[in-house]
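**Q** Sharing a sequence plus its predicted fold:
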There are 2 protein chains.
Amino acid sequence: MDTALPRAAPDPAFLDRLRARFGERLHLTDAMLRQHGSNEAHFDVVLPDAVVFAHSTEDVVDLVNLCVAADVPIVPFGAGTSIEGNAVPVRGGVSVNLGEMNQIVAVNAEDFDCTVQAGCRREQLNEHLRDTGLFFPIDPGANATIGGMASTRASGTNAVRYGTMREAVLSLKVVTPDGRVVTTARRARKSAAGYDLTRLYVGSEGTLGIITEVTLRLHPIPETISSAVCGFDSLEGAITTVVQSIQAGVPLARVEILDDMQIRAVNAWSKLALPEVTTLFFEFHGSPGGVAEQVEMVGMLAAENGGGDFAWSNLPEERGRLWKARHEAYYAAVALRPGAVGWATDVCVPISRLPECITATKADLATCSVPATILGHVGDGNFHVIFAMDPQSKADLAEVEGVNARLVARALAMDGTCTGEHGIGIGKQHWLVEELGDAVDVMRTLKRALDPKDLFNPGKIFSL
Amino acid sequence: MDTALPRAAPDPAFLDRLRARFGERLHLTDAMLRQHGSNEAHFDVVLPDAVVFAHSTEDVVDLVNLCVAADVPIVPFGAGTSIEGNAVPVRGGVSVNLGEMNQIVAVNAEDFDCTVQAGCRREQLNEHLRDTGLFFPIDPGANATIGGMASTRASGTNAVRYGTMREAVLSLKVVTPDGRVVTTARRARKSAAGYDLTRLYVGSEGTLGIITEVTLRLHPIPETISSAVCGFDSLEGAITTVVQSIQAGVPLARVEILDDMQIRAVNAWSKLALPEVTTLFFEFHGSPGGVAEQVEMVGMLAAENGGGDFAWSNLPEERGRLWKARHEAYYAAVALRPGAVGWATDVCVPISRLPECITATKADLATCSVPATILGHVGDGNFHVIFAMDPQSKADLAEVEGVNARLVARALAMDGTCTGEHGIGIGKQHWLVEELGDAVDVMRTLKRALDPKDLFNPGKIFSL
């Protein structure tokens, strides 16, 4: 869906200043602009006027100062894996690519933390950490950058046990709209020193400044990791198993629900042969005895709720194959229909309401002509419907918009949120107002105070 | 230390408006003003002009509107247990007491959350929750209000396992300086819906608005709880035991260090007979098997690091007695010297630096004439020195200020914070700037944007 409107050419004098400062790291080719104006979902392509690859915080400071002096928007870009159009430069300007700013600055293994540049990717970090006995647990599926994950408050499959980027980030280095470099916190595990700027920037989608470094909490690699797959004869039975497990205090590390359609998609994409029924993917972390206790309890609850046999895998390769399939579930779902584009919903509700929310959504999907799967981080109350839309079809778009509107309204009526982990980006702005009312005015006040010219990823989260 | 300066009498017309709205819940007696102008530490008493007891969010809205219209400061007051002078009305105005606004609004046991009014106290909440199988873990020792704990980002003995108020608060109802009531989040366990206003208000010490309701995450009461006390032949040995336990992945629920002086104080205050050496208080939570594994691992590490025998208590009464003694440690330390007032330091450092930080502090205390104990949440890297100061002695004050200045400088040099859990309040404002530099300007910008007249707990965290 490329409906970008023709725009005035960027000011040549401004581009000359960028070229003088960044040389070959300034890019103006159509291919490069298109890469930075595209997205993994259904949003229109909107080209930036220029792309600059930053290599240091100083680069970002200079770029910020040049852009602000010229009233040019500036939009940070990491891996481009976000799915609410979060990095699409909807008002043009400069897309600043942080992907080459990917150094691992420090690993403090004794303190269970590390500091990375914003462009470091999560797989790269975990590869680097392997010999330390530690890992970084936040796992949204895509191999996103740490800066991008912080900006969207990402979470994913491990959040039920290890939390989200909200809990994972200890401190940030941020370039503010007035060109200053601020560090939001020291490396202590907790602090009561003034306003929690770390949490203010986490999830702010680049609208308040540009994150250039992130200090993260790490966790010990568990002594024992065990994964299992279990099919259920009903959606309710699967969800009830999870709710009861959590109520029993089982510290599930991962628990993912995939409906029958999603299993069909995963089987085709990842060459698996799972029974095409509602299925839970589990992962248990702990000591050998602890994992054995968890497994026994969950197995008992699954059996009481219509679960079939558990298929176990304790071998790293088998576990890797299973979770790789889960990670690729979005692509698998979109691939159900050749040439389709994806649209992922993202509601999150209090866990007691999850069975009702998913069941009602599944019923709604039964009358929807667009292929769709359900996939969820069921321990958090967060699930996605993934639609495989014909990019040319206005009827598809209207139908999906209808299902999504009903789904978000259903979640809000259950005291849930329109977005568990993808952010507001372009597409959820009116839902944010439905969800939080006057609190959005407080957000606008903060935005105006910190970015008075509205140049930092303008048009995202809300319009001023 | 009552050095409050004489102030102009409050505007009678303003007081008339308060009386018309709040009737007998407006208090002007000296005893009541004094109660709200005092504090548990060494800060000067500063009387408010009036005290109003709020019973509802609507009360707070009306009070805010009256105060803002008259340019009168407004300072929230909970239980008065904070120890950085956080609730002292240093610029006069109205102290709004939320202590009678203590309803438990809802308990959603299936969702592991509850909503309480700001004046609900933590012991009241846990009493109420007892039959649900859930508990609220954040435990700063004092029986503080939940609103006060949110405002100071409190934590305490359970934080190593369950986090701080930063992690515990799901959502807040806040009356903003423009008299609006905003709800910062829905009840979903996670959300990526815009700026994290919840975390912005948590720890803002009443400077951005007044919290009237708090929605909290709860946790299942563990199947097995076991407590132990273990004396060590050195400070380093005790701390190393904790660091190694965490590195081994032991999910300690509580681990507190008390130095020899603190044990002496606790023995005297709580009628115990613990050996007067550096001591760790432990608590383990989990399944029977899980707790047994934790205990075995920690016992082995303690033995390797000069720890003596573990004194166990699995009976609730015994555990209660032990932790009651720990909770009263602040009062016990101040009571080492009849008529003394307390001063508690509050640094928190990366855990690898903790042995060095505590050891150097202990050495510094050896030359200090003011009685002092050391007490710490050692799993977080957070510890307190509690001084028992003569309230009349300028020499005492100077000496304590010297030790504290060296301690904070030491912690900052280790990438730590000047306050792990007490907040900035009155006393740590210049240290906040040392700690976070330009980030404090960002905080000031937020404050000016949300409270342009500087009427909400003015003079705390920073001066504008």
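**A** Arrived safely, thanks for sending. Not measured: the values here are computed from a predicted model.
**Q** What segments of the stretch 101-250 of chain A are helices?
**A** If you assign secondary structure with DSSP state H, counting those that start in this stretch, the helices in the stretch 101-250 of chain A sit at A:122-129, A:146-152, A:159-162, A:165-168, A:197-201, A:235-247.
**Q** Mean pLDDT lowest where, among these?
**A** Mean pLDDT per stretch puts helix A:235-247 lowest among the helices of the stretch 101-250 of chain A, at a mean of 91.
**Q** can you tell me if it touches chain B.
**A** Yes: counting by C-beta under 8 Å from any C-beta of the partner chain, chain B is contacted by helix A:235-247 at A:Val243, A:Ile246, A:Gln247. Using the backbone N, CA and C atoms, a C-beta is placed for each residue, glycine as well.
**Q** tell me the contacts of the residue lying closest to A:Leu129 once chain neighbours are set aside?
**A** In space, not counting the residues next to it along the chain, A:Leu129 is nearest to A:Phe135; the distance is 5.8 Å by C-beta to C-beta, 6 or more residues apart in numbering or on different chains. If a contact means C-beta atoms under 8 Å, 6 or more residues apart in numbering or on different chains, then A:Phe135 has A:Asn126, A:Leu129, A:Leu218, A:His219, A:Pro220, A:Ile221 as its contacts.
**Q** how many neighbours does the fourth one have?
**A** Per other C-beta atoms under 10 Å in any protein chain shown, the neighbour tally for A:His219 reads 17.
**Q** Could you list everything it pairs with in the sheet?
**A** Applying DSSP bridges to A:His219 gives these bridge partners: A:Phe135.
**Q** Run through the residues that contact it.
**A** Each residue near A:His219 by C-beta under 8 Å, 6+ apart is listed here: A:Phe112, A:Leu134, A:Phe135, A:Phe136, A:Pro137, A:Tyr162.
**Q** Can you tell me the SS state at A:Leu375?
**A** For A:Leu375, the secondary-structure state derived from DSSP: H, G, I helix; E, B strand; the rest coil is strand.
**Q** if I read this right, it contacts A:Ala333, doesn't it?
**A** Yes: counting by C-beta atoms under 8 Å, a contact exists between A:Leu375 and A:Ala333, whose distance comes to 7.2 Å.
**Q** Give me the common contacts of the two.
**A** Contact with both A:Leu375 and A:Ala333 is made by residues A:Gln262, A:Ile386, according to C-beta under 8 Å, 6+ apart.
**Q** Looking at the two, which is more packed in?
**A** The neighbour comparison of A:Leu375 against A:Ala333 (other C-beta under 10 Å) goes to A:Ala333, with 29 against 25.
**Q** Please enumerate the helices of the stretch 301-450 of chain A.
**A** Taking DSSP H, counting those that start in this stretch as the criterion, the stretch 301-450 of chain A carries its helices at A:316-327, A:329-334, A:354-365, A:394-413, A:429-436, A:439-450.
**Q** which of those helices has the lowest average pLDDT?
**A** Among those, helix A:316-327 carries the lowest mean pLDDT, at a mean of 86.
**Q** coming back round to it: go through the helices of the stretch 301-450 of chain A and pick out the most buried.
**A** The highest average neighbour count among these, using mean count of other C-beta atoms under 10 Å in any protein chain shown, belongs to helix A:329-334 at a mean of 24.
**Q** List of residues touching it?
**A** Residues from elsewhere that reach helix A:329-334 (C-beta under 8 Å, 6+ apart): A:83, A:141-142, A:258, A:261-262, A:265-266, A:268-270, A:325, A:340-342, A:344, A:371-373, A:375, A:384, A:386, A:388.
**Q** From the residues you listed, list just the buried residues.
**A** Buried members of those, counted by 16 or more other C-beta atoms under 10 Å in any protein chain shown: A:83, A:141-142, A:258, A:261-262, A:265-266, A:269-270, A:325, A:340-342, A:344, A:371-373, A:375, A:384, A:386, A:388.
**Q** okay if I get the contacts of A:Phe135 as CSV plus distance to A:Leu98?
**A** Formatted as CSV, the entries for the contacts of A:Phe135 read as follows, by distance: C-beta to C-beta, whole Å:
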residue, distance to A:Leu98
A:Asn126, 19
A:Leu129, 21
A:Leu218, 21
A:His219, 25
A:Pro220, 29
A:Ile221, 28
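**Q** Out of those residues, flag the one nearest to chain B.
**A** Each of the contacts of A:Phe135 was checked against chain B using C-beta to the nearest C-beta; the closest is A:Pro220, at 4.3 Å.
**Q** Show the contacting residues for that closest one.
**A** Applying C-beta under 8 Å, 6+ apart, one finds that A:Pro220 lies in contact with A:Phe112, A:Gly133, A:Leu134, A:Phe135, B:Gln247, B:Ala248, B:Gly249.
**Q** Return the closest of these with respect to B:Asn457.
**A** Out of the contacts of A:Pro220, the one with the shortest distance to B:Asn457 is A:Phe112. That distance is 34.5 Å, counting by C-beta to C-beta.
**Q** residues near the closest one, how many?
**A** 21.
**Q** Quickly note the distance from it to B:Leu272.
**A** Distance check for A:Phe112 against B:Leu272: by C-beta to C-beta, to the nearest Å, it reads 34 Å.
**Q** circling back: max pairwise distance over the contacts of A:Pro220: which two?
**A** Spanning the widest gap among the contacts of A:Pro220 are A:Phe135 and B:Ala248, at 15.3 Å by C-beta to C-beta.
**Q** which residue packs closest to the spatially most central residue of chain A, ignoring adjacent ones?
**A** Centre of chain A computed as the mean C-alpha position; nearest residue by C-alpha atoms, centre = their mean is A:Ala154, 3.9 Å away. Using C-beta to C-beta, 6+ apart and skipping the chain neighbours, the partner closest in space to A:Ala154 is A:Pro140 (4.5 Å).
**Q** Tell me how many other residues surround that neighbour.
**A** Other residues within reach of A:Pro140 by the criterion other C-beta under 10 Å amount to 25.
**Q** Hmm, it is touching A:Arg153, no?
**A** No: with the criterion set as C-beta under 8 Å, A:Pro140 and A:Arg153 do not qualify as a contacting pair; they are 10.4 Å apart.
**Q** Find residues that contact each of these two.
**A** Between them, A:Pro140 and A:Arg153 share the neighbouring residues A:Glu421, with contact defined by C-beta under 8 Å, 6+ apart.
**Q** rewinding a little: restrict the contacts of helix A:329-334 to those near chain B?
**A** Checking these against chain B by C-beta under 8 Å from any C-beta, not one of them is in range.
**Q** and which of the contacts of A:His219 is nearest chain B?
**A** Looking at the contacts of A:His219 and their distance to chain B, the nearest is A:Phe112, at 7.5 Å (C-beta to the nearest C-beta).
**Q** I'd assumed A:Ile221 was in contact with the closest one.
**A** No: if you go by C-beta under 8 Å, A:Phe112 and A:Ile221 don't touch, sitting 11.5 Å apart.
**Q** between those two, what contacts are shared?
**A** Shared contacts of A:Phe112 and A:Ile221, counting by C-beta under 8 Å, 6+ apart, come down to A:Leu134.
**Q** which stretches of the stretch 1-150 of chain A form strands?
**A** A:26-27, A:50-53, A:74-77, A:94-97, A:104-108, A:113-117, A:134-135 (DSSP state E, counting those that start in this stretch).
**Q** Could you look over those strands and pick the most buried one?
**A** Mean neighbour counts were taken over those using mean count of other C-beta under 10 Å, and the top value, a mean of 29, falls to strand A:74-77.
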